[in-house]
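Engineer: Any chance you could fold what I've pasted below:
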Amino acid sequence: MNLYIMAAIACFILFVEGIPLIKKGSRRDSITFIVIFVIAASISSMQSLGLAVPNPSDWYRWAFSPLASLLKGVLY
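Structural biologist: Just a heads-up that it's a prediction; the model follows:
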């Protein structure tokens, strides 16, 4: 049921925000809006279905762990 509510809200937002951008002819804004909208709708759908949503802080920790260990070796 949550997925249907989320889909209805997403369609409403798309019609209220997306259609005027497309009609105005601002191509960059339309493409940016659609890309961000699809990403947000995908993450929201995953959450409403109970799937695991990746946490960005885990990616930061993974990316900066070599630098952190290097700095620990230098500073301590």
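Engineer: and Pro66, how many neighbours?
Structural biologist: A count of neighbours around Pro66, defined by other CB atoms under 10 Å, yields 9. From N, CA and C alone the C-beta is placed, and that goes for glycine too.
Engineer: how close does it get to Val74?
Structural biologist: Distance check for Pro66 against Val74: by CB to CB, to the nearest Å, it reads 13 Å.
Engineer: just Leu49 next, same as before
Structural biologist: Counting by CB to CB, the gap between Leu49 and Val74 amounts to 45 Å.
Engineer: Can you pick out the residue with more neighbours from these two?
Structural biologist: Neighbour totals were compared for Leu49 and Val74, and Leu49 leads with 10 against 7 (other CB under 10 Å).
Engineer: Is Val53 in a helix, a strand, or coil?
Structural biologist: Classification of Val53 using DSSP: H, G, I helix; E, B strand; the rest coil returns coil.
Engineer: how about it, what does it touch?
Structural biologist: Contacts here follow CB atoms under 8 Å, 6 or more residues apart in numbering; on that basis Val53 touches Ile43, Met46, Gln47.
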